[in-house]
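Student: I would like the atomic coordinates for the input below:
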Amino acid sequence: MKKIINAPEDYTDDMLRGIYAAHPKQVKYIDNDLRCYCIAQKKAGKVAIVTGGGTGHLPLFLGYVGENMLDGCGVGSVFQSPSAEQIYKISKGVESGAGVLYLYGNYTGDIMNFDMAAELCEADDLPTRSIVGADDVASNRDPALRRGIAGIFFLYKCAGAKAALHGTLDEVLAAAQKAKDNTRTVGFALTPCTIPEVGHPNFTLGENEMAMGMGIHGEPGIWNGPVKTAEELAEESLHLILEDMPVSSGEEVCTLINGLGATSLEELYILNGSVAKILGSKGIRSYRTFVGEYATSMEMAGASVSLCKIADEEMRQQIDLPVCTPFYCQK
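Tutor: Reported below is the predicted structural model:
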């Protein structure tokens, strides 16, 4: 294992110390707990949006805390959930009189701890609502059981915009739900990654082997086999997405081409070119395209393709709203 670290057991907290040192005007921690990650300046009367999840996926999850996006994030150890107590403390720290929306990935530990935090908030008369990202079409036929991966970015954008424009708690939840209903993702891995405290790869792939549909924690995909070309990967990914979420000729989508941690931007743009070509051949119009690292898995090589179907003019405006966080800015 070759990593720029001090001690494996300090990986998450050392990372957080570095972030706070670099961005003191944008983010802070509360209750003397580095893992209670919050926006530095909250806005009165605005619905607060809180997310959370394990370390190892930057910029997901904490990277989207900032102006016109999220307000707080519970930070777990690598691939581990934050605690219910941390989520509760963050909720109390960022709420500003309009309630709190919990928006996070569809993983068992996160669901349990966010639900417990919601109960603690309810006892304090702090209203909450919850929604999970579940965009990974390759992970399960049942939409309720799908994993949340890179497509949660569109939920963050739409809910964050509605909250920034002082929507009510239920209106912010509805904006997230609309984005969720119209977002699908397929990912694929070319190499494994290494969790610092484990010290060895979390799965194995042969020299010319890849895994289609693999999750961001190394969860099994739908097949392992020879590495395919960008054209072939784009074709299969879009087939899976459009089979599950039909998009008609003339309709608009946002495309998100996401790197998993060790894939070059050149490769991502090659993949995007293939995706754009296929969408164009189907008459599907591109509204916006996002290319880069939005949800990673340590140093895993691979990528994911997400489509967010534009449902209405309000969604366009929400996706276009400028945002600024330490990890992501959009003008």
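Student: list the buried residues for stretch 175-188?
Tutor: By 16 or more other Cβ atoms under 10 Å, the buried positions in stretch 175-188 come out as 175-176, 178-180, 182-188. All C-beta spots, glycine's among them, are computed from the backbone N, C-alpha and C.
Student: same question, stretch 188-204
Tutor: Neighbour-count burial for stretch 188-204 flags 188-196, 201-203 (criterion: 16+ other Cβ under 10 Å).
Student: quick one, strands of the stretch 151-300 of the chain?
Tutor: Assigned by DSSP state E, counting those that start in this stretch, the strands in the stretch 151-300 of the chain fall at 183-189, 209-212, 223-226, 252-259, 285-292.
Student: pairing partners for the second one, with directions?
Tutor: The reference is to strand 209-212. Strand 209-212 pairs in its sheet with strand 183-189 (antiparallel), strand 223-226 (antiparallel), by DSSP bridges.
Student: ok, back up a step: and of the buried residues of stretch 188-204, the nearest to Met315?
Tutor: Phe188 (27.3 Å; Cβ to Cβ).
Student: surely that closest one touches Ala211?
Tutor: Yes. With contacts counted by Cβ atoms under 8 Å, Phe188 reaches Ala211, the gap being 6.4 Å.
Student: quickly list what's touching both of those two.
Tutor: Common contacts of Phe188 and Ala211 (Cβ atoms under 8 Å, 6 or more residues apart in numbering): 221, 302.
Student: single out the most deeply packed of the strands of the stretch 151-300 of the chain.
Tutor: strand 183-189 (a mean of 28; mean count of other Cβ atoms under 10 Å).
Student: could you figure out how far that one is turned away from strand 252-259?
Tutor: Between strand 183-189 and strand 252-259, the angle formed by their directions is 20 degrees, by axes from the mean of the first three to the mean of the last three Cα atoms, to 10 degrees.
Student: i'd like the first residue to be 45 from this point on
Tutor: Right, with 45 as the first residue, what we last looked at is strand 227-233.
Student: quick one: average pLDDT of strand 227-233?
Tutor: The pLDDT scores in strand 227-233 average 98.
Student: which residues touch Ser125?
Tutor: Going by Cβ under 8 Å, 6+ apart, Ser125 touches 96-98, 118, 151, 153-154, 156-157.
Student: if we ignore the residues flanking it in sequence, what's nearest it?
Tutor: Closest residue to Ser125 apart from its sequence neighbours, by Cβ to Cβ, 6 or more residues apart in numbering: Gly153 at 3.6 Å.
Student: what's the answer for Pro270, then?
Tutor: Going by Cβ to Cβ, 6+ apart, Pro270 has Asn252 as its nearest residue, at 5.6 Å.
Student: how many residues are close by the one you found?
Tutor: 9 (other Cβ atoms under 10 Å).
Student: same check on Gly62?
Tutor: Residues lying near Gly62 (other Cβ under 10 Å) number 10.
Student: in the helix or strand hosting it, which residues are buried?
Tutor: Applying DSSP states H and E as the criterion places Gly62 in helix 55-66. Neighbour-count burial for helix 55-66 flags 55-57, 59-60, 63-64 (criterion: 16+ other Cβ under 10 Å).
Student: okay, these in a markdown table with distance to Thr369 and pLDDT next?
Tutor: Below are the buried residues of helix 55-66 laid out as a markdown table (distance: Cβ to Cβ, whole Å; pLDDT from 0 to 100):
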| residue | distance to Thr369 | pLDDT |
| --- | --- | --- |
| Tyr55 | 22 | 98 |
| Thr56 | 19 | 98 |
| Asp57 | 20 | 98 |
| Met59 | 16 | 98 |
| Leu60 | 15 | 98 |
| Ile63 | 11 | 98 |
| Tyr64 | 14 | 98 |
